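Asker: I'll drop the sequence and a predicted model, then ask my questions.
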Amino acid sequence: MPSIRVLDELLISQIAAGEVVDRPAAALKELLENSLDAHANAVQVELLSGGVKLLKVGDDGDGIAQDELPLALRRHATSKIATLEDLEQVGSLGFRGEALASIAAVSQLTLTSRTASAKHAWRVQSNGGTAAAMEPAAAPAGTVIEARELYYNTPARRKFLRTPGTEFGHCEEVFKRIALSRPRLAMTLIHNGRCQWRLAPHAFVQRTRELLGEEFESATLTLDEQAAGVRVHGLIASPTFNRSVRDYQYFFVNGRFVRDRLIAHAVREAFHDVLHQDRYPAFVLFLELDPAKVDVNVHPTKSEVRFRDPGAVHQFLFHALTKALAATKAGALRAPPSPSEIEGGKPVLISAVHDHSGAMRSPPQQGSMGLGAMQPAALYDALFHRAGEAEDSAEAAQGVVPPLGFALAQLAGVYVLSQNDKGLIVVDMHAAHERIVYERLKTALEADRIPTQSLLIPATLRASRLEVALVEENGQALRQLGFELAAAGPEALIVRSVPAALCDADPVELARAVLGEIHEDGAAHALQERRDHMLATMACHAAVRANRILSVPEMNALLREMEATERSGQCNHGRPTWTQISMAELDRLFQRGQ
Ligand SMILES: Nc1ncnc2c1ncn2[C@@H]1O[C@H](COP(=O)(O)OP(=O)(O)O)[C@@H](O)[C@H]1O
Ligand SMILES: [Mg+2]
């Protein structure tokens, strides 16, 4: 075995770069945070090829004095903390002194800076971490950092980069996060010579509207709660504005964007009974607390935090959100269930339901229960080839009662009531249908490809640039899933085909859900490791919604399909899809024969 030796500085920086600046967007985040720490009022970002060819950030902040300029590129050199006490109280975004050294180690970097009192600017250039001598330069007060050819000397890292479009999408997301957290900061973003964002200093609400759209902004509730030195404020969208992916979720702790499980949990809990579990709430929230009460030095990118008293933060957040939501709940929730809505003998609350627009529906009218209320049966015709009264009556005539019996009626738009030789069967029609669609998709994918159905009228949707790039990158995998999607402009997608089993679902919602699934780790990963989850998401979108009135033949078709489908006794979330109430149980309820 070779002997132990100490790594040289450059190699250490290159290793650190893999953690701190693993992609252009991470480098951009670090540079923007440096501008904020330097009290900039305006920043300009310029990118070429998703930031890989050029990543340039200019600001009008404090600048760096001439004698400190070489230090700025050194590892563990920072102006922001000096002692352990400083670290525990840290109020700046940076403090590890790693970012510039890491970026310099993996790029060709130029740093030009001028303080307000200096006669002119100074510039240093560095090539893969080796800095040349300083030279005078002409520039206004502030700092400009240009990193070219990111990862040119670390080919392994460069290989991991995605298409420029995807990298740009991530950069844009970083830009938006900073923009939301600092509405007073003027910001521009230029990509490949084209201006993508030009944001003037604004009040928070205007900035939010600019970045997240009017639809979001007009659906929001304002929140501002304070207790025991902790404050949370910002905007949450009322539950009717919800998303199929977690994209409109911005949470900042002391001005820093974070993804934190504790926070995510508190939010989910607060939205629990006003939002269906596969829809996500939208919000821009700021948590402020004494820096000593939160450790931001958990991860090199500082996107995770650790609270000194996690329980208290969780509780505070949960209560603040619940209070804000209380105003909207009454109108958003379904009416309480009637005593007949039972599951395994215990009364259960039916969670809120949504239609495809995401709006919650009101409970069905009393009169809708019963036989005969027909609606176009397209969905069921498409799904259940065996549907039809002829077959049912043939079976009935032979006196064979199938295990799940024959449908009697539909209850409250939610349950199918059926009679078999043991007694009454109650089926949760959405859950059951979801399971059937899911199992079908699984079988089709196991046989390599999900059958596709072209849409008569292709659907277009507004999409982020990142989503457009995802589609371009993952065409093959999407086709395997039964989708044909293409770019229809820089911020628009067109859906040409969807999986045949899902042809009655809203194609736009479906496409969004699938893109959401592949967003994080790419389609290959989603297909391998999260395959079932992904199919379940698709199935849920396609399954018949509560409140859809079914005819008796449609109900019987559903029962027959359940009998033919593996694992149809549970929905994809593990809840039962049907339950039997025997004649004996019914007799007991009515004290018959006692
Ligand atoms: N845009 C900027 N304006 C002024 N000073 C900067 C800027 N960027 C970096 N610096 C200086 O360079 C130092 C090193 O930056 P960095 O490597 O990001 O470490 P950190 O931000 O953790 O201190 C900072 O502490 C700061 O003094
Ligand atoms: Mg920094």
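Answerer: Noted; the coordinates are in hand. Ligands and ions are numbered 1, 2, ... in the order given.
Asker: Give me the secondary structure label for whichever residue of the chain sits closest to ligand 2.
Answerer: In the chain, the residue that lies nearest ligand 2 is G94 (2.8 Å; Cβ to the ion). Every C-beta, even on glycine, is put in place using the N, C-alpha and C of the backbone. What DSSP: H, G, I helix; E, B strand; the rest coil gives for G94 is coil.
Asker: any idea how far it is from T443?
Answerer: 52 Å (Cβ to Cβ, to the nearest Å).
Asker: Can you name the residues that contact the residue of the chain closest to ligand 2?
Answerer: With contact set as Cβ atoms under 8 Å, 6 or more residues apart in numbering, G94 has these partners: E30, E33, N34, D37, T78, K80.
Asker: Quantify the burial of the second one by counting its neighbouring residues.
Answerer: In terms of burial, E33 registers 20 neighbours under the definition other Cβ atoms under 10 Å.
Asker: which non-adjacent residue is nearest it?
Answerer: L93 (3.9 Å; Cβ to Cβ, 6 or more residues apart in numbering).
Asker: V284 now?
Answerer: According to Cβ to Cβ, 6+ apart, the nearest residue to V284 is Y250 (4.4 Å).
Asker: Please identify the helix or strand for the one you found.
Answerer: Here Y250 sits within strand 249-253, counting by DSSP states H and E.
Asker: Also R588?
Answerer: helix 583-589.
Asker: on contacts alone, who are the packing partners of that helix?
Answerer: strand 423-428 (3 or more Cβ pairs under 8 Å, 6 or more residues apart in numbering; DSSP states H and E).
Asker: Quick check: residues of this protein near ligand 1?
Answerer: Residues of the chain found near ligand 1 (Cβ under 6 Å from any ligand atom) are 30, 34-35, 38, 59, 61-64, 72, 77-80, 94-101, 143.
Asker: Provide a list of residues in contact with G569.
Answerer: P576, T577, W578.
Asker: Any of these buried? List them.
Answerer: T577, W578 (16 or more other Cβ atoms under 10 Å).
Asker: Going by residue numbers, what spans are strands in the stretch 51-200 of the chain?
Answerer: Along the stretch 51-200 of the chain, counting by DSSP state E, counting those that start in this stretch, strands occupy 54-59, 108-114, 121-127, 130-131, 135-137, 142-148, 186-191, 194-199.
Asker: Those: lowest mean pLDDT?
Answerer: If you rank these by mean pLDDT, strand 130-131 sits at the bottom with a mean of 84.
Asker: Direction included, what does that strand pair up with?
Answerer: Strand 130-131 sits in its sheet next to strand 121-127 (antiparallel), going by DSSP bridges.
Asker: how far off strand 142-148 does the strand it pairs with point, in degrees?
Answerer: 20 degrees (axes from the mean of the first three to the mean of the last three Cα atoms, to 10 degrees).
Asker: Surely Q44 touches I190?
Answerer: Yes. Under the criterion of Cβ atoms under 8 Å, Q44 makes contact with I190 at 7.5 Å.
Asker: which one of the two has more residues nearby?
Answerer: Neighbour count, other Cβ under 10 Å: between Q44 and I190, Q44 has more, with 19 against 16.
Asker: Following element in sequence after whichever helix or strand Q476 is part of, please.
Answerer: Assigning secondary structure by DSSP H and E places Q476 in helix 475-480. Later in the chain than helix 475-480, the nearest helix or strand by DSSP H and E is strand 484-487.
Asker: any idea of the mean pLDDT in the lengthiest helix in the chain?
Answerer: Counting residues, the longest helix found in the chain (DSSP state H) is helix 310-332. Averaged over helix 310-332, pLDDT sits at 78.
Asker: So which other helices or strands are in contact with that helix?
Answerer: strand 220-227, strand 230-237, helix 261-271.
Asker: Out of these, which is the most enclosed?
Answerer: strand 230-237 (a mean of 21; mean count of other Cβ atoms under 10 Å).
Asker: circling back to that earlier point, tilt between the strand holding Y250 and helix 310-332?
Answerer: Using the same axes, to 10 degrees: strand 249-253 against helix 310-332 is 150 degrees.
Asker: Where do the helices of the stretch 1-150 of the chain begin and end?
Answerer: Per DSSP state H, counting those that start in this stretch, the stretch 1-150 of the chain carries helices over the ranges 9-20, 24-37, 69-72, 84-88, 99-105.
Asker: Output the ones you listed as TSV; include the columns distance to ligand 2 and mean pLDDT.
Answerer: Below are the helices of the stretch 1-150 of the chain laid out as TSV (distance: least, Cβ to the ion, whole Å; pLDDT from 0 to 100):
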stretch	distance to ligand 2	mean pLDDT
helix 9-20	9	80
helix 24-37	4	96
helix 69-72	10	92
helix 84-88	14	84
helix 99-105	4	94
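Asker: Would you format these as JSON lines with distance to R162 included?
Answerer: Below are the helices of the stretch 1-150 of the chain laid out as JSON lines (distance: least, Cβ to Cβ, whole Å):
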{"stretch": "helix 9-20", "distance to R162": "16"}
{"stretch": "helix 24-37", "distance to R162": "10"}
{"stretch": "helix 69-72", "distance to R162": "30"}
{"stretch": "helix 84-88", "distance to R162": "35"}
{"stretch": "helix 99-105", "distance to R162": "19"}
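Asker: quick one, which of those helices is packed in tightest?
Answerer: Buried most deeply of the helices of the stretch 1-150 of the chain, by mean count of other Cβ under 10 Å, is helix 99-105, with a mean of 27.
Asker: just checking, what packs against that helix?
Answerer: helix 9-20, helix 24-37, strand 108-114, strand 142-148.
Asker: between these, which gets nearest to S181?
Answerer: helix 24-37 (8.7 Å; Cβ to Cβ).
Asker: Show residues contacting the closest one.
Answerer: Contacts for helix 24-37 (Cβ under 8 Å, 6+ apart): 20-21, 43, 45, 47, 50-52, 55, 57, 59, 61, 80, 92-94, 99-100, 102-103, 143, 145, 147, 150, 161, 167, 170-171, 173-175, 177-178, 182, 185, 301.
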